[in-house]
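Colleague: generate a structure from the sequence data that follows.
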Amino acid sequence: MNIVMLTNTFTPHVGGVARSVEAFSAQYRTRGHRVLVVAPEFPDTPQDEVDVVRIPAIQNFNGSDFSVVLPVSGLLTEVLDEFRPEIVHSHHPYLLGVTALRVARYRHLPLVFTHHTRYEEYTHYVPGNAPMLRRFIIEAAVRYANLADQVFAPSESIAELLHKRGVTAAIQTVPTGVTVEHFAHGDGARFRTLHDIPADAFVVGHLGRLAPEKNIGFLAAAMTAYGKTESRAHFLVIGTGPSSQTLHDSFHREGLGARLHIVGILKQPDLSAALHAMDVFAFASRSETQGMVLTEAMAAGVPAVALDAPGAREVVKDRSNGRLLQDESARTFADALQWIANQPPEQRRALEQAARNTAAIFSMQNSANTALACYETLRAQTSTEHVEQEERWRQLLDLIKVEWEILKGIGSATESALVKHDEAQ
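Modeller: Residues are numbered from 1 along each chain as shown. Take a look at the predicted model:
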């Protein structure tokens with residue numbers, strides 16, 4: 001099959017969607033399928049990419065580390081004529097999602113849409129963060145899903161949420177699988193030595209974008225609460241993002257700065273080594289659609305402590321491969337970390353094996369099998385036209401643009417008023 005993927009985030013950007021597109025593309029290619037990825041330009045984009053088309057983009061949107069791509073399907077015409085796609089797979093309802101819809105309609109191809117993100121959880125990057133904008137964004141994503149011939153939900157929780165919100169298109173649960181063999185081995189002891197982590201430390205780890213929507217403030221509070229009661233505790237954080245300073249300030253304020261190790265973005269084999277250096281994986285996000293980093297940690301045999309939320313609840317089984325917490329309090333989270341630390345060796349080994357067993361269930365091979373079976377079914381069908389729904393979706397996008405301009409204007413006016421106030425003092 002010839003599959004074209006359109007995504008607003010891709011390497012070298014670090015995030016769940018980028019990693020998902022990369023992982024599925026690699027798996028499809030190993031099975032003999034052709035994949036063309038259409039993605040935005042990013043700083044430090046690799047120069048030797050194969051079957052990747054980069055679209056001009058506005059970098060660092062509104063102070064975030066995201067790029068805003070320009071939905072210009074005309075730039076793709078010659079490339080797509082040569083590639084001859086059979087499946088169009090969109091990974092966003094906006095920006096290049098618009099282009100994906102145009103390509104699918106013009107070429108009479110099936111449109112697949114993966115609802116990776118709870119987009120309403122990201123409105124803090126928009127001036128005002130208005131409730132009306134959140135409602136518009138939810139509705140636009142639902143309408144876009146109903147324009148697709150097939151919707152992929154990364155977890156059962158998100159599939160249920162989409163049904164409740166009014167998605168009537170066919171929904172298939174397709175999590176981003178973990179390539180188990182990539183994480184099965186790693187030199188954790190050497191990694192600890194390189195980063196000045198004691199060999200006998202109890203290492204609490206985290207992997208992901210360090211951003212407000214990931215509940216980093218709460219995670220910092222929980223980890224410092226644990227650090228104040230457990231002298232052996234060290235904290236290993238893999239990732240970057242706007243909330244890295246929040247972590248740094250929290251630990252230094254509590255006198256624990258020397259026990260915080262933020263190592264930035266890691267690639268293999270360093271990533272696997274870092275996971276093997278951990279004793280437990282801490283995860284506090286409530287905005288996820290799937291537990292991808294959880295399954296990667298579990299593939300390295302690391303049990304997890306997580307808040308009960310979409311994505312996490314499908315992966316973490318309480319007291320089997322970690323702890324799944326109903327109560328979002330720093331003390332409860334700290335106590336769960338201590339519960340892991342207190343397990344006798346035999347129970348620790350059972351937790352670690354249960355984690356590996358979970359990762360095997362969420363393997364990339366299993367996920368790719370499910371996705372490719374859907375593609376094959378769609379390829380035998382004619383793409384569905386949704387003319388009336390498409391017009392309503394476009395009208396809703398126009399409303400989002402208007403709301404954005406209003407909020408931007410309010411933000412600018414407020415900033416100007418504050419400046420004038422300060423100058424008058």
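Colleague: tell me where the stretch 151-300 of the chain has strands.
Modeller: With DSSP state E, counting those that start in this stretch as the criterion, the stretch 151-300 of the chain has strands at 171-173, 202-207, 233-238, 260-264, 280-283.
Colleague: can you give me the buried ones in stretch 1-10?
Modeller: Across stretch 1-10, burial judged by 16 or more other Cβ atoms under 10 Å covers Met1, Ile3, Val4, Met5, Leu6, Thr7, Asn8, Thr9, Phe10. Every C-beta, even on glycine, is put in place using the N, C-alpha and C of the backbone.
Colleague: so of the strands of the stretch 151-300 of the chain, which one's packed in deepest?
Modeller: Comparing those by mean neighbour count (mean count of other Cβ atoms under 10 Å), strand 280-283 ranks first with a mean of 26.
Colleague: show me what that strand is packed up against.
Modeller: strand 202-207, helix 216-229, helix 292-299, strand 304-307, helix 330-342 (3 or more Cβ pairs under 8 Å, 6 or more residues apart in numbering; DSSP states H and E).
Colleague: what about the ones you listed, which gets the closest to Ala140?
Modeller: Ala140 lies closest to helix 292-299 among the helices and strands packed on strand 280-283, at 24.4 Å (Cβ to Cβ).
Colleague: next, the angle strand 233-238 makes with the closest one.
Modeller: 120 degrees (axes from the mean of the first three to the mean of the last three Cα atoms, to 10 degrees).
Colleague: ok, Glu230 touching Ile340?
Modeller: No. At 11.0 Å, Glu230 does not count as touching Ile340 under the criterion of Cβ atoms under 8 Å.
Colleague: which one of these two is surrounded by more residues?
Modeller: Ranked by neighbour count (other Cβ atoms under 10 Å), Glu230 and Ile340 place Ile340 first, with 22 against 17.
Colleague: that one: what's it in contact with?
Modeller: Contacts here follow Cβ atoms under 8 Å, 6 or more residues apart in numbering; on that basis Ile340 touches Asp279, Val280, Pro303, Val305, Gly322, Arg323, Arg348, Leu351.
Colleague: now do 6 Å
Modeller: Residues in contact with Ile340 (Cβ atoms under 6 Å, 6 or more residues apart in numbering) are Val280, Pro303.
Colleague: against Leu372, how distant is it?
Modeller: Distance from Ile340 to Leu372, counting by Cβ to Cβ, to the nearest Å: 37 Å.
Colleague: returning to that earlier point: how about the helices and strands packed on strand 280-283, which one is nearest Ser363?
Modeller: helix 292-299 (8.7 Å).
Colleague: may I see the buried residues of that closest one?
Modeller: Met292, Val293, Leu294, Thr295, Glu296, Ala297, Met298, Ala299.
Colleague: pLDDT score assigned to the closest residue to the first one other than its chain neighbours?
Modeller: Closest residue to Met292 apart from its sequence neighbours, by Cβ to Cβ, 6 or more residues apart in numbering: Thr176 at 5.0 Å. According to the predicted model, the pLDDT of Thr176 comes to 91.
Colleague: surely Thr176 touches Ser20?
Modeller: Yes. Using Cβ atoms under 6 Å, Thr176 makes contact with Ser20 at a distance of 4.0 Å.
Colleague: in the stretch 1-150 of the chain, which spans are helices?
Modeller: 16-30, 77-83, 96-107, 131-147 (DSSP state H, counting those that start in this stretch).
Colleague: most tightly packed of those helices?
Modeller: When you average the neighbours per residue for each of the helices of the stretch 1-150 of the chain (mean count of other Cβ under 10 Å), helix 96-107 leads with a mean of 22.
Colleague: any regions of this structure where pLDDT drops low?
Modeller: Within the chain, the stretches with pLDDT under 70 are 13-14, 57-75, 119-133, 382-425.
Colleague: could you list the domains of this protein?
Modeller: The chain breaks down by automatic domain parsing into domains covering 2-177+366-418, 180-362.
Colleague: the shortest one: end-to-end distance?
Modeller: Its first and final residues considered, domain 180-362 spans 9 Å by Cα to Cα, to the nearest Å.
Colleague: chain center to that domain, what's the gap?
Modeller: The chain centre lies 16 Å from the centre of domain 180-362; the measure is Cα atoms, centre = their mean, to the nearest Å.
Colleague: rewinding a little: just so I know, which of the helices and strands packed on strand 280-283 lies nearest Val151?
Modeller: helix 292-299 (18.4 Å).
Colleague: what sits up against the closest one?
Modeller: Applying Cβ under 6 Å, 6+ apart, the set of residues contacting helix 292-299 is 16, 176, 178, 180, 183, 207-208, 275, 281, 283, 304, 315, 355, 358-359, 362.
Colleague: and those residues, which is closest to Thr224?
Modeller: Ranked by distance to Thr224 (Cβ to Cβ), those are led by Phe283 at 16.4 Å.
Colleague: and that closest one, how far from Gly16?
Modeller: Taken as Cβ to Cβ, the span from Phe283 to Gly16 is 13 Å.
Colleague: which ones are touching Glu288?
Modeller: Applying Cβ under 6 Å, 6+ apart, we find Glu288 in contact with Gly311.
Colleague: ok, 7 Å please
Modeller: By Cβ atoms under 7 Å, 6 or more residues apart in numbering, the contact list for Glu288 reads Ala309, Pro310, Gly311, Ala312.
Colleague: and which of those is nearest to Asp44?
Modeller: The closest of the contacts of Glu288, once distances to Asp44 are taken by Cβ to Cβ, is Gly311, at 28.7 Å.
Colleague: since that was my last question, I'll sign off now.
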